[in-house]
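Chemist: return atomic coordinates for the entry below.
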Amino acid sequence: MNILRVWSGAAIGILLLSWQLSGTASAFELGAADVQLEPYVKGGTLAWDELQGIGGHKSLIAAGLNGLASFDAIGAGFNFEKWWLGERLDDDKGIIPDEGHRLFADARYFFKPTEHLRLYPFAGLGYEHWSRHDAAGSWRSIDFPYWSVGGGAEYQNSYLKLGFLMPFAAGADSGPDPKSRVGLTADAGLRFSNVTVGVFFRSLGFEDPDAKMVQTGVMLGYTFR
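Modeler: A predicted model of the protein is given here:
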């Protein structure tokens, strides 16, 4: 699969959708809540590192959906994301995870120190799955819930969101269950009307077996609000 062809095709599709709907997208409500939905695509790299020096770097593609329901100063966020490697595995086949997905929901409290600046802390719970289908003598899948806490800032058409991640009760399909360690996540970008262009960083791993995954890249989304 050619990552540039797939990601650019998805990006063009979202841009065409934003152009077609630019005059019709408007805020909508669900009961007392203002609701926003943002489908998005991502392209970037996945770095995998294990204690023995085993690992490597591969291209990454992803698609997902962000949701936010706001009740005045209270917000409830939701995210679903599915990712794949954007290129074939070679000598790292069975070592680097080749696909995964996650679900995450959080609660937020918004406050505005100034007219154009909005800040919020958040706390939430999620579930994540990693697969490496060709692994031999080791795990082929890991499933784990995780909690995340952090904060975000929105200033005019820009945004920044930072958080700590901590898996717990992780389970592998073979071998010992992994021992978790703290991870980090960061997202930043600009919003042009309903179109979002951003960058992302996500680092998450385990101490035993010692392995860490780092995902970085760019995203493009369209917000219905």
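Chemist: ok, the residue most central in space within the chain - contacts?
Modeler: In the chain, the centroid-proximal residue (CA atoms, centre = their mean) is residue 81; its distance is 6.1 Å. Each residue near residue 81 by CB atoms under 8 Å, 6 or more residues apart in numbering is listed here: 42, 62-65, 101-102. (C-beta placed from N, C-alpha, C; glycine too.)
Chemist: now those residues in TSV, with distance to residue 137, secondary structure and neighbour count?
Modeler: As requested, these are exported to TSV (distance: CB to CB, whole Å; DSSP: H, G, I helix; E, B strand; the rest coil; neighbours: other CB atoms under 10 Å):
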residue	distance to residue 137	secondary structure	neighbour count
42	32	strand	24
62	29	strand	24
63	32	strand	16
64	33	strand	18
65	36	strand	14
101	25	strand	16
102	26	strand	19
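Chemist: what's across from the residue nearest to the centre of the chain in the sheet?
Modeler: residue 64, residue 102 (DSSP bridges).
Chemist: how much space between it and residue 182?
Modeler: 20 Å (CB to CB, to the nearest Å).
Chemist: what does residue 65 give?
Modeler: Here residue 65 is placed at a distance of 26 Å from residue 182 (CB to CB).
Chemist: show me the contact partners of stretch 167-184.
Modeler: Stretch 167-184 is contacted by residues 128, 138-147, 162-166, 201-209, 211 when judged by CB under 8 Å, 6+ apart.
Chemist: do the same with stretch 60-69
Modeler: With CB under 8 Å, 6+ apart, stretch 60-69 has contacts from 1, 3, 6-7, 10, 30, 33-46, 75-86, 215, 217, 221.
Chemist: apply 6 Å and report the result again.
Modeler: Applying CB atoms under 6 Å, 6 or more residues apart in numbering, the contact partners of stretch 60-69 are 3, 6-7, 33, 35-46, 75-84, 86, 215.
Chemist: average model confidence for stretch 71-88?
Modeler: Stretch 71-88 comes out with an average pLDDT of 94.
Chemist: restricting to C-alpha, output it in CSV.
Modeler: Written as CSV, here are the backbone C-alpha positions of stretch 71-88 (Å, rounded to 0.1, in the frame of the first residue of the first chain):
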residue,chain,number,x,y,z
PHE,A,71,-22.9,21.8,28.3
ASP,A,72,-21.9,25.4,29.1
ALA,A,73,-18.6,25.0,31.0
ILE,A,74,-18.7,21.1,31.0
GLY,A,75,-17.6,19.0,28.1
ALA,A,76,-17.7,15.3,27.2
GLY,A,77,-15.2,14.2,24.6
PHE,A,78,-15.0,11.0,22.5
ASN,A,79,-12.4,9.6,20.1
PHE,A,80,-12.2,6.4,18.0
GLU,A,81,-9.2,5.7,15.8
LYS,A,82,-8.0,2.9,13.6
TRP,A,83,-4.4,2.8,12.3
TRP,A,84,-2.3,0.6,10.0
LEU,A,85,1.2,0.6,8.7
GLY,A,86,1.5,2.3,5.4
GLU,A,87,4.2,0.0,4.0
ARG,A,88,5.1,-3.7,4.1
